[in-house]
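[1] dropping a prediction and its sequence here:
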Amino acid sequence: MNIGTRKILDRSFTAVGIGSIVVMALALMIVVVPIVYNGIGAVFFTGTVEHRKMLHAEFKRGDSQNLDSEVASTDRYRAKVYDMLTGFEAELETMAPEKKTEYTAKYAQVQSALRALLGPLPGDPEPMLTRFKYGQTRWEKAEEKLHDLLYESKWDNSNSSVMSKEFFVSRAISFEGTSLARLFPYVKENLENMLHPEFTFYWGFITDSSVDSHFFGGIWPEIQGTFFLAIGAMLFAFPLGVVAAVYFTEYAKPGFLNSMLRSANSTLAGVPSIVFGMFGLAFFINTMKVSESKSVIAGALTLAIMILPTIIRAAEEAILAVPKTYREASLSLGSSKWNTIATVILPAALPGILTGGVISLGRAAGETAPIIFTAAVSVGSAIGLADVFSSPTPALSWNIYNLASEHEAAAQLRHVQYGMVLALVTIVLLLNLSAIVLRARISKKLKC
Amino acid sequence: MLMTTDMRKTSESVPGQKSTREIYLPPQRSTITGGGNAHIAAKEFSIYYGEFEAVKKVSADILSKYVTAIIGPSGCGKSTFLRAINRMNDLIPSCHTTGALLFDGEDIYGKFTDEVLLRKKVGMVFQKPNPFPKSIFDNIAYGPRLHGVNDKKKLMEIVERSLRKAAIWDEVCDRLDKNALGLSGGQQQRLCVARTLAVEPEVLLLDEPTSALDPKATAKIEDLIQDLRGSYTIMIVTHNMQQASRVSDSTMFFYEGILVEQAPTAQLFTNPKDSITEDYITGRFS
């Protein structure tokens, strides 16, 4: 091969390499940027007075005097709205019957739009569900609801060959000529006065329990459940995995059985996680009866089985990478085999073993399928440490799925979903980062 | 035994004068085999790697408190023989032996021999310096701790004594808590010697201890061997015939697994009995 071709090959290889890294970085950006942007929105956002009302009522947080004066000020602006409603109700009585029927239906829509925006109307009975007790707590949601109030959504299906199209009709126009027509420009003008939007740093999103299945409040039960499950899995899998790796590398005699065990271990590492989930249900809950039904311990055991092969493999690699000379040195000083493993081999292999461990910890924190049947519930409060043997727990991975696909108001809770995703990504990232730091530290200590 | 003690007296009675080989020249081989001071004795001893016979029916006596060099071309079984003495060959699963290898009259490969106890008495220094990735202090204290010394003061004593014996104390005394891997190659090797001495062995096996070192560090290791002679039974495998002639009292020449010749060093190098030995030491093959 002449020098020209060789250089061209070299350069094209470099170009392809750089290209693939750029593609990867772009893909990562496309995924991560919206997660971070929207996830941060769950903690930092423009909150309304309704948010502060909710915080005070549900979590006893915030200055009640300030809140009282704020509520008084917003109520002054709202009172006018309610006056208009009462005025229109009186006007409705005087209308001709067919007109009255038409406007009653339209009026009901206005009422429900107002309830969604500002909370229960005066005279309404106390709502059963917390989600109806407050108006919009987030300003951008309030603006959406304002749009719902100002415009009626209608569907154009006149052309049957294309999909129906949504279009909006201004309610101010459909109420033209009645006393209620004034309401719409008034609400539009005075929405800020009625809701007092303020920049809010809601740190409680991380530490609060959820209220009324994530309509309000935070994601602490999920975060705690994730930690319980991941650390529980580690408590089982890590010692077991290291011991198994020591057996494979130091004690097992090469032969048929040994190679079978090793390939079984590799196969186990490739089994889909849902299979582990089914196994966990069938074995730990139904057969072993570690708990009556779903519980943290059953989930942790299932996750442990799932990450065990990875830990064994990582520990094996790390032990095999320890220079033979360390072993020789230790043995030649009159150390027993076990002592050599404990005092020389394992400490030298520690960085590798820990890296494998922490990566597995991250995986255990992020897996959904193994805990669906064994540990996870969609709604729940944080459980105590003593309850891990009997109670299931919410966990980030499962609740992200649940909230995004099965929750009745999935579309309204995007910020919570993103917040959870960001929390999970951050946890896994921090775990991996700590693995890197830990590894670097120990390696540095070992290398002088 | 008596002779050894006498000889030491001789060396100590001449202060300031570097001990020379003449003083330590071992007795003739006939007296060696007849004497009771054979520390290690091989009797028809063979070592196999699977089917391959790496060391073939070696019979030899290694004298107590003398320096014995083992020379021979690569692959002649000299390292294998050395590593058999503290059973480091156990690490190779296919390795097995026949015949007898006696240490203080006990069979090293006997059924009831405790190899851990054996290795405590038979220390080894390897070709490449292999300190643990721990502090200098912990490296030296590793062996004593293993054997039950935990008292900090006593450990410190042992560490200092061992490092002094290995002639490295002055270089490392102010950084005992630093990682041993930060030392130079030559220092690391002397540290390894000190680590072995800390266990207070009777025999010191050196497997090409200077092959990875520069001439200056090599000279220091050789000086060290000179200093230790008389206190330990030392066996050194080396490719360097000058080194063998410089440091050893007795030399064994291995060729293709066979012990061709064992004789006092001066005799083997000046007047070899076997023609293969002569070819080898004169550099006609290597």
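    Nice, thanks for sending it over.
[2] first to last residue in stretch B:192-207, what's the distance?
    12 Å (CA to CA, to the nearest Å).
[3] kindly report the same for stretch B:255-273.
    End-to-end span of stretch B:255-273 (CA to CA): 14 Å.
[4] quick one: distance of it to the chain centre.
    Relative to its chain's centre, stretch B:255-273 lies at 18 Å (CA atoms, centre = their mean, to the nearest Å).
[5] give me the contact list for that stretch.
    With CB atoms under 8 Å, 6 or more residues apart in numbering or on different chains as the test, stretch B:255-273 has contacts from B:21, B:25-26, B:28-29, B:53-60, B:69, B:72-73, B:76-77, B:241, B:244-245, B:248-254, B:274, B:276-278, B:280-281. Where C-beta positions appear, they are placed from N, C-alpha and C, glycine not excepted.
[6] tell me which of these fall in strands.
    Residues of the contacts of stretch B:255-273 located in strands (DSSP state E): B:53-60, B:69, B:250-254.
[7] so which residues on the stretch 151-300 of chain A come close to chain B?
    In this structure, the stretch 151-300 of chain A approaches chain B at residues A:253-254, judged by CB under 8 Å from any CB of the partner chain.
[8] helices of the stretch 151-300 of chain A, start to end?
    All helices of the stretch 151-300 of chain A, identified by DSSP state H, counting those that start in this stretch, fall at A:171-174, A:183-195, A:204-207, A:220-246, A:256-269, A:273-279, A:296-320.
[9] which one of these lies nearest to residue A:64?
    Closest to residue A:64 of these, according to CB to CB: helix A:204-207, at 16.8 Å.
[10] for the closest one, packing partners?
    Helix A:204-207 sits against helix A:220-246, with contacts defined as 3 or more CB pairs under 8 Å, 6 or more residues apart in numbering or on different chains; DSSP states H and E.
[11] for the helix it packs on, packing partners?
    On a contact count with 3+ CB pairs under 8 Å, 6+ apart, helix A:220-246 meets helix A:204-207, helix A:296-320, helix A:346-366, helix A:396-405, helix A:414-447.
[12] now do the helices in chain B.
    With DSSP state H as the criterion, chain B has helices at B:2-12, B:21-24, B:29-34, B:78-85, B:115-121, B:136-146, B:152-165, B:169-172, B:185-198, B:215-228, B:241-247, B:265-270, B:275-281.
[13] let me know the next secondary structure element after the longest helix belonging to chain A.
    The residue-count maximum for a helix in chain A (DSSP H) belongs to helix A:3-40. Using DSSP states H and E, the helix or strand that follows helix A:3-40 towards the C-terminus is strand A:44-47.
[14] in stretch A:440-448, what's buried?
    Within stretch A:440-448, the residues scored as buried using 16 or more other CB atoms under 10 Å in any protein chain shown are A:442, A:446.
[15] contacts for it?
    A:347-348, A:350-351, A:354, B:133, B:178-182.
[16] cool, stretch B:90-110 as well?
    By CB under 8 Å, 6+ apart, stretch B:90-110 touches A:253-254, A:324, A:327-328, A:331, B:39-50, B:57-58, B:84-85, B:87, B:89, B:113, B:115, B:118, B:121-122, B:202-203.
[17] show the buried residues in those residues.
    For the contacts of stretch B:90-110, a burial check counting by 16+ other CB under 10 Å picks out A:327-328, A:331, B:39-42, B:45-48, B:58, B:84-85, B:87, B:89, B:115, B:118, B:122, B:202-203.
[18] one step back: tell me which of the ones in strands among the contacts of stretch B:255-273 is nearest to chain A?
    Chain A lies nearest to residue B:54 out of those, by CB to the nearest CB, at 18.0 Å.
[19] ok, now which ones touch the residue in the stretch 101-250 of chain A positioned nearest to chain B?
    Proximity to chain B, evaluated over the stretch 101-250 of chain A using CB to the nearest CB, is greatest for residue A:250 at 10.9 Å. With contact set as CB under 8 Å, 6+ apart, residue A:250 has these partners: A:319, A:337, A:341, A:345.
[20] swap in 10 Å and give it another go.
    By CB atoms under 10 Å, 6 or more residues apart in numbering or on different chains, residue A:250 lies in contact with A:319, A:327, A:337-338, A:340-341, A:345.
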